[in-house]
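Enquirer: Show me how the following folds:
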Amino acid sequence: MSLPAEELFEEALKLPERERRAFALRLLESVGEESLEDVERAWVDEARRRLDDIRAGRSQPVPWEEARGRIFARG
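Expert: So this is what the prediction gives:
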């Protein structure tokens, strides 16, 4: 992300959850729709990048229970 986008993101995180949800939805609506093929291709590309990172030692997988705990600790 560019510096202005990163700064905007940090400011948006300070909003109450309800306002963040509304803001996120408005942002999503502003970018238009992608075709199902584009979305599927993007997910496949991301999965390949992540697998390459794990195989190259740039990333370490996390067991599901640990990941789940981190996810629900945020809420």
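Enquirer: List of residues touching the lengthiest helix in the chain?
Expert: The longest helix of the chain (DSSP state H) is helix 36-55. The contact list for helix 36-55, computed with Cβ atoms under 8 Å, 6 or more residues apart in numbering, reads 34, 59-61. Using the backbone N, CA and C atoms, a C-beta is placed for each residue, glycine as well.
Enquirer: Now flag whichever of these is closest to Phe9.
Expert: Glu34 (21.2 Å; Cβ to Cβ).
Enquirer: if you skip the residues just before and after it, what's nearest to the closest one?
Expert: Of all residues not flanking Glu34 in the chain, Ala42 sits nearest, at 7.8 Å (Cβ to Cβ, 6 or more residues apart in numbering).
Enquirer: Give me the residue at the spatial middle of the chain.
Expert: Glu46 (11.2 Å; Cα atoms, centre = their mean).
Enquirer: what's the distance between that residue and Phe9?
Expert: From Glu46 across to Phe9, the span is 20 Å (Cβ to Cβ, to the nearest Å).
Enquirer: and Leu3, how many residues sit next to it?
Expert: 7 (other Cβ atoms under 10 Å).
Enquirer: Model confidence for it, exactly?
Expert: Looking at Leu3, its pLDDT is 88.
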